[in-house]
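[1] Quick one, fold the following:
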Amino acid sequence: MEFPDIEILSSLQTHLASLTGLSLALYGEKGNIMLPPVNEDKLSTAIKSSHRGRKEHHEFVKDGLEKALQRNEIAFFKSPSGQCYFIVPLRIGKTVLAVVGGGVFLSDEDFNAFYKRDGLSYGLVQDHIKPWYRATSIREFSDIQECALNIRSLFHLVLGSCYSGCLNEKRHNVMKTILSLISSINPGKKATELFDILTDIPVFLFNAHSVAAMVENNGGYEPQRTSGKLHEHLQSVPLPSTGIIAEVIEKQQPVYSESMLEILNLGFNSKVTSLHVFPVLSEGMVTGLLNIVNTELLQEDSDIIMEMCRIAGNVFRCIELQEIYEKSIKDTDIIKIAASRLIPVKDPSMLCEAILDTSVHLAEAEKGSVMLADEDTSFLTIKAAKGLNKRIFGDVKIRSGEGVAGWVFREGVPLLMDNIEENNHGFEKRYRYRTSSFISIPLRLGEKTIGVLNISDKITGGVFSEEDMILLRSFASYAAIALERSNYYSLAGQLKELSITDSLTGIFNRRYFEERFFEELHRSERHNLSFSLAMLDIDDFKLFNDTEGHLAGDEILKSVANITKECLRISDVLARFGGEEFIIIMPQTEKNEAFAVAERIRQSIREQSIRGWNGFPGKCITTSIGVATFPSDGMDRKELIRNADKALYKAKMEGKDKTVLWGS
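    Sure thing, here's the model as predicted:
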């Protein structure tokens, strides 16, 4: 990372020191001071101006930095002079910084004990204790903790923005270079020049030691172009689809290895000590590999190289598609015209007829049928038929997996057959059809199969081609969407009843919260992430309702909901849990950060809520909040909600108007 402008950090340091009233300094990873302290009180300055104080403070900061950076969390220490300091470690990319702040006494007793015990050794006269007391800072520890958390958040925000800016600029420049090189490829030598680009860019832009570009060949991968110090060796080593190569193919993601056993098993010699393998992807398949050996890559560099491989895969695919481009354009026009006929049709039965008529026309066929799944998706029913007597088959239900249509429905894959009598699926002979060739295509919406389109008996008497099936598959995608759209019209009334918002406050309701909660729980489990849950309850709300009336109570509920929503991120979920109780999901949020958010909400409600009531004795509306964090405070819904509720109950028992972390 390019280090951010020191003026930005200096400005941030000055403003935060002024806002918090604390001394702040910025240090590098090795204890070197980058920005000297600002807003330091006179006593701290006097202590450090003495020989003893200067030496002690230097050693104190050095030791504290080592411990804080090792633990990678905010650390609090007492200096030899008895003052409280905090050290905030900041890690952005490869850059490590630390904010050292504080320099305050936590009580009058601490100050008096220091002054009377060690004052003379720091050059402080015993008779001047009162003037020095007035010149020093005495703060509560909880105040220092809160300041440290806020300072960490703001510094992370600024450094993160600078870091993202540098990464984006680097990514932009590199991708611009890659795209410029690829776009300038000579049309007659595309493949050759593309291999040159794939191997040269890692060497020149990422300082790679050696590189090999490979293509798939009979289940293995053959070198096409190599560069770098080991280019001759890399050119001589084809790779089998085993070990980490098999892992790359399966995951379709880069894999890195320093295992000598793995590397030697692939056929490399002992000079290859590390190996990055990037897949070159084309239409979801690994058609090539880019190997970078003996090179340390940052994650952002690896991401850029992976993007380059994706672009290369697309270019290779473009070369393959050059010959069929004109036919694709023609087929696209045909599909658009055919699909446009479905747009005005909303009635499901008429739509099925329109889909079938268009399909048999596209495939130049005599017979066909459209089958849709029942609600339980176990059976298929004929909804439209051409060349067949629908009255005969109208009440026939075909079980999933039964016959051609049942098999295609169950498997969710299309079936093109030249001659059913030579099939390997065990289908029975089709005596009622003129020819043995047919096409059966699943009607799919995403991962769900909703029906089957069957086409048979080519008008010419011949067999259906691969091109026929490609054309029908494209049209079937439009047909499935049209069928789903027709269902939306019939389900519109039901959808209106399934509102996800609370009618009074306008925020999400409990049903929506339950859905989002399980989504976040599963996502966090799958990706090993944390998230926090906060339960918020309006203090003395029953008394407020009794004294001010339910209409006034409703206004308080709406006000609390709006204020809370303004304090949250877009990704956070706020819902009304019941009565005067609200619940908040904070994705990817650790406990300390969730506590800071909850405190911001609590204070904002206290300051901003509507005032001017008549009988309610409270001066302002207050709330109590309980916070629990996944996975440390619970691994499932019941446990997390219960612990957040217990933390809320504890806040109530400790006097209300308070945020409590479960387990704190």
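[2] what's the longest helix in the chain?
    Of all the elements of type helix in the chain, the one with the most residues (DSSP state H) is helix 141-183.
[3] Can you give me the end-to-end span of stretch 287-304?
    Using C-alpha to C-alpha, to the nearest Å, one end of stretch 287-304 lies 19 Å from the other.
[4] What mean pLDDT does that stretch get?
    Averaging pLDDT along stretch 287-304 gives 90.
[5] So which bits of that stretch are buried?
    Neighbour-count burial for stretch 287-304 flags 287-295, 297, 300-302, 304 (criterion: 16 or more other C-beta atoms under 10 Å). To be clear about C-beta, it is placed using only N, CA and C from the backbone, and glycine gets the same treatment.
[6] next one: stretch 220-234
    Within stretch 220-234, the residues that count as buried by 16+ other C-beta under 10 Å are Tyr221, Pro223, Gln224, Arg225, Thr226, Ser227, Gly228, Leu230, His231, His233, Leu234.
[7] about what we covered before: what helices or strands is the longest helix of the chain leaning on?
    helix 6-20, strand 75-78, strand 84-92, strand 95-104, helix 190-205, helix 299-321, helix 591-608 (3 or more C-beta pairs under 8 Å, 6 or more residues apart in numbering; DSSP states H and E).
[8] mind listing what Leu9 touches?
    Contact analysis of Leu9 by C-beta atoms under 8 Å, 6 or more residues apart in numbering lists Leu26, Met34, Leu35, Val158.
[9] cool, and Gly219?
    With contacts defined as C-beta under 8 Å, 6+ apart, Gly219 is in contact with Pro240, Ser241.
[10] Quick check: pLDDT value at it.
    The pLDDT attached to Gly219 in the predicted structure is 83.
[11] now swap in Leu261 and tell me
    With respect to pLDDT, Leu261 scores 93.
[12] Run through the neighbouring helices and strands of the host helix or strand of it.
    Counting by DSSP states H and E, the element that carries Leu261 is helix 260-265. Applying 3+ C-beta pairs under 8 Å, 6+ apart, one finds that helix 260-265 makes contact with helix 243-251.
[13] Quick check: buried residues in the helix it packs on?
    Gly243, Ile244, Ile245, Val248, Ile249.
[14] do the same with stretch 266-280
    Counting neighbours by 16+ other C-beta under 10 Å, one finds that the buried residues in stretch 266-280 are Leu266, Phe268, Val272, Ser274, Leu275, His276, Val277, Phe278, Pro279, Val280.
[15] Identify those among those that sit within helices.
    Filtering the buried residues of stretch 266-280 for helices - DSSP H - leaves nothing at all.
[16] Show me the domain layout of this protein.
    According to automatic domain parsing, the chain is divided into the following domains: 6-157, 187-323, 341-494, 510-661.
[17] Now distance to Thr332 too, for those, in TSV please.
    Rendered in TSV, the data for the domains of the chain read as follows (distance: least, C-beta to C-beta, whole Å):
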stretch	distance to Thr332
domain 6-157	45
domain 187-323	13
domain 341-494	8
domain 510-661	37
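[18] and for the helix holding Leu261, what are the contacting residues?
    Thr242, Gly243, Ile244, Ser257, Ser270, Val272, Thr273, Ser274, Leu275.
[19] how far is that helix from where the chain is centred?
    On the basis of C-alpha atoms, centre = their mean, to the nearest Å, helix 260-265 is displaced by 34 Å from the centre of the chain it belongs to.
[20] Over to stretch 164-181?
    Offset of stretch 164-181 from its chain centre (C-alpha atoms, centre = their mean): 22 Å.
[21] ok, now stretch 538-552?
    Here the centre of mass of C-alpha atoms in stretch 538-552, compared against the chain's by C-alpha atoms, centre = their mean, lies 41 Å away.
[22] For the remainder of this discussion, apply numbering that starts at 447.
    Happy to do that; since the first residue is 447 now, the last one works out to stretch 984-998.
[23] Buried residues in that stretch, which are they?
    In stretch 984-998, residues buried by neighbour count (16+ other C-beta under 10 Å) are Ile984, Asp985, Asp986, Phe987, Phe990, Asn991, Thr993, Glu994, Ala998.
[24] Tabulate these in a markdown table, adding columns for pLDDT, secondary structure and distance to Thr645.
    Listed next are those as a markdown table, based on pLDDT from 0 to 100; DSSP: H, G, I helix; E, B strand; the rest coil; distance: C-beta to C-beta, whole Å:
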| residue | pLDDT | secondary structure | distance to Thr645 |
| --- | --- | --- | --- |
| Ile984 | 96 | strand | 65 |
| Asp985 | 95 | coil | 67 |
| Asp986 | 94 | coil | 72 |
| Phe987 | 94 | helix | 69 |
| Phe990 | 93 | helix | 72 |
| Asn991 | 93 | helix | 74 |
| Thr993 | 92 | helix | 79 |
| Glu994 | 90 | helix | 76 |
| Ala998 | 91 | helix | 73 |
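[25] so which of the residues you listed comes closest to Lys562?
    For Lys562, the nearest member of these is Asp985. The distance, counting by C-beta to C-beta, is 44.8 Å.
[26] Contacts only, for the closest one.
    By C-beta under 8 Å, 6+ apart, the neighbours of Asp985 are Gly1064, Ile1067, Thr1068, Thr1069, Ser1070, Lys1098, Lys1102, Asp1103.
[27] go on, Gly674?
    Thr645, Val649, Ala654, His655, Ser656, Val657, Leu680, Val739.
[28] and what of Leu472?
    Applying C-beta under 8 Å, 6+ apart, the residues contacting Leu472 are Leu455, Gln459, Ile479, Met480, Leu481, Leu543, Ala544, Val545, Val546.
[29] where's it relative to Trp1108, distance?
    Using C-beta to C-beta, to the nearest Å, Leu472 is found at 35 Å from Trp1108.
[30] And for Leu462?
    Counting by C-beta to C-beta, the separation of Leu462 from Trp1108 is 30 Å.
[31] Looking only at neighbour counts, state which of the two leads.
    Comparing Leu462 with Trp1108 by other C-beta atoms under 10 Å, the one with more neighbours is Trp1108, at 23 against 20.
[32] which residue sits farthest out from the middle of this structure?
    Counting by C-alpha atoms, centre = their mean, the extreme residue of the chain relative to its mean C-alpha position is Asp573, 62.2 Å from that point.
[33] would you say it is within a helix?
    Yes: when DSSP: H, G, I helix; E, B strand; the rest coil is applied, Asp573 is found to be in a helix.
[34] Moving along the chain from the helix-or-strand element of the chain with minimal mean pLDDT, name the first helix or strand you hit.
    Across the helices and strands of the chain, the lowest-confidence element by mean pLDDT, DSSP states H and E is helix 836-839, at a mean of 62. Sequence order places strand 843-845 as the next helix or strand after helix 836-839, per DSSP H and E.
[35] Which strands or helices does that next one pack on?
    Packed against strand 843-845, as judged by 3+ C-beta pairs under 8 Å, 6+ apart, are the following elements: strand 825-832, helix 849-857.
[36] Give the pairing partners of the first one; include direction for each.
    In other words, strand 825-832. Within its sheet, strand 825-832 is paired with strand 811-819 (antiparallel), strand 843-845 (antiparallel), according to DSSP bridges.
[37] what is the mean pLDDT for the first one?
    For strand 811-819, mean pLDDT rounds to 88.
[38] How about the shortest one?
    The predicted model gives strand 843-845 an average pLDDT of 83.
[39] Just the buried positions in that strand, please.
    For strand 843-845, the buried set under the neighbour-count rule, 16+ other C-beta under 10 Å, comprises Ile844.
[40] Off-centre distance for it?
    42 Å.
[41] Arg1083: neighbour count?
    Should you count by other C-beta under 10 Å, Arg1083 turns out to have 14 residues around it.
[42] Could you find the closest non-adjacent residue to Leu808?
    Across the structure, with C-beta to C-beta, 6 or more residues apart in numbering as the measure, the residue nearest Leu808 apart from its sequence neighbours is Leu917 (5.5 Å).
[43] how close does the one you found sit to Ala809?
    Counting by C-beta to C-beta, the gap from Leu917 to Ala809 is 7 Å.
[44] now do Gly1064
    From Gly1064 over to Ala809 (counting by C-beta to C-beta), the distance is 76 Å.
[45] Of those two, give the one with the bigger neighbour count.
    Here Gly1064 and Ala809 are compared on neighbour count by other C-beta under 10 Å; more neighbours surround Ala809, at 25 against 15.
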